[in-house]
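**Student:** below are the sequence and a predicted model for it; my questions follow.
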Amino acid sequence: MSDALLRLSGVACMRGGRLLLRGIDLTLAPGQSALLRGPNGMGKSSLIRLAAGLLPAFGGTVERYGKVALSDESLALDRDRTLAGALGFWARMDGVPAAAVADALSALGLSALADIPVRMLSTGQRKRAMLARVAASGAPIWLLDEPANGLDSASVAMLGALIGRHLAGGGVILAASHQDLPLPGALEIDLSAHLPQEAQA
Ligand SMILES: Nc1ncnc2c1ncn2[C@@H]1O[C@H](COP(=O)(O)OP(=O)(O)OP(=O)(O)O)[C@@H](O)[C@H]1O
C-alpha cells in the first residue's frame, strides 16, 4: 500500500540512443508538487513524457496511482470544433460531467470564447484552453510542461489559483518550467545533478 499518487524510483531516461538522465527518485503524495529545472535539452520534457507513460523508462520504475492529465506543447484539441465542443469531447472521453468544462472555462477566463473555433484562439488563449482540458479531466495527477509559456500575468495568476485548488483537493503536480511558476512549496529537482557520469566529467 502507498499514499503516493506518483512515484519515480531510480529512473533513467534515454533519448535517441543517448542516456540523458539517471537516478531520478521522486514521490508525490496528495497535495504535493515538484518542479523540474535544467537548461534546454537536459531532458525535462522527456521526463514529463516518461511520467505520463508515453516514453518507457530506460531504467528504474514509474508508478502512477490514478488518472494522468498532460499539458505540453501539443494542442490536443480539435481545431475545427468550438472551444466548448472540443473540451466537451474530452469530458465525454474522461467520463466527467459537462459542468466540469464550464467550470474549467471559467477558471481560465475563457467562458466568453466557448463558442469560438479552437483554430481562431490566440497563442495565450490556446495555452489556457490546454490547461482547461487538464482542469476538466478530473485526473489527480497533473503533468505540466512549461504551463506558463505564452501566458500574460493575469493568466499566470489564474493558473496559480487552479494549481492551488488542485493541490488542496489532494491532487499532485509534476511541472517543468524555465519561468517562475505559481507552485509554492514545490520540490525543485535540478536535473543537472542527474546527468550520466560521462556527461559530468
Ligand atoms: N524524439 C526524440 N528522439 C531523439 N532525441 C530526442 C527526441 N526528443 C528529444 N530528444 C533529445 O532529448 C534531449 C532532451 O530533450 P527534451 O525536450 O526532453 O529537453 P528539455 O529539457 O525539455 O529542453 P527545453 O528546455 O529546450 O524544452 C535533447 O537532446 C533532444 O534533442
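**Tutor:** Alright, I've got the coordinates.
**Student:** hmm, stretch 144-158 touching the ligand?
**Tutor:** No. Judged by C-beta under 6 Å from any ligand atom, stretch 144-158 makes no contact with the ligand; its nearest approach is 6.9 Å. Bear in mind the C-beta positions are built from the backbone N, C-alpha and C, glycine included.
**Student:** for the record, mean pLDDT for that stretch?
**Tutor:** When pLDDT is averaged over stretch 144-158, the result is 96.
**Student:** end to end on that stretch, go ahead and measure it.
**Tutor:** 15 Å (C-alpha to C-alpha, to the nearest Å).
**Student:** which residues of this protein score low on pLDDT?
**Tutor:** 1-2, 198-201 (pLDDT under 70).
**Student:** repeat that with 50
**Tutor:** By pLDDT under 50, the low-scoring segments of the chain are 1.
**Student:** tell me where this structure has strands.
**Tutor:** Residue ranges of the strands in the chain, as given by DSSP state E, are 6-15, 18-28, 33-37, 59-64, 68-71, 141-145, 172-176, 187-190.
**Student:** need those strands in JSON lines (columns: distance to Arg119).
**Tutor:** Putting the strands of the chain into JSON lines (distance: least, C-beta to C-beta, whole Å) gives the following:
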{"stretch": "strand 6-15", "distance to Arg119": "31"}
{"stretch": "strand 18-28", "distance to Arg119": "34"}
{"stretch": "strand 33-37", "distance to Arg119": "31"}
{"stretch": "strand 59-64", "distance to Arg119": "32"}
{"stretch": "strand 68-71", "distance to Arg119": "19"}
{"stretch": "strand 141-145", "distance to Arg119": "22"}
{"stretch": "strand 172-176", "distance to Arg119": "27"}
{"stretch": "strand 187-190", "distance to Arg119": "36"}
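**Student:** how about these, which one is nearest Leu113?
**Tutor:** The closest of these to Leu113 is strand 68-71. By C-beta to C-beta, the value is 17.8 Å.
**Student:** just checking, what packs against that closest one?
**Tutor:** Counting contacts by 3 or more C-beta pairs under 8 Å, 6 or more residues apart in numbering; DSSP states H and E, strand 68-71 packs against helix 44-52, helix 123-136, strand 141-145.
**Student:** once you drop chain neighbours, what's closest to the residue nearest the centre of the chain?
**Tutor:** Central residue check for the chain by C-alpha atoms, centre = their mean: the C-alpha nearest the mean position is that of Leu144, 1.9 Å away. Nearest in space to Leu144, with sequence neighbours left out and distances taken as C-beta to C-beta, 6 or more residues apart in numbering, is Ala175 at 4.2 Å.
**Student:** and the one you found, what does it touch?
**Tutor:** Ser33, Ala34, Leu35, Leu36, Trp142, Leu143, Leu144, Asp145, Pro147, Leu181, Leu183, Ala186 (C-beta atoms under 8 Å, 6 or more residues apart in numbering).
**Student:** tell me where the longest helix sits in the protein.
**Tutor:** helix 153-168 (DSSP state H).
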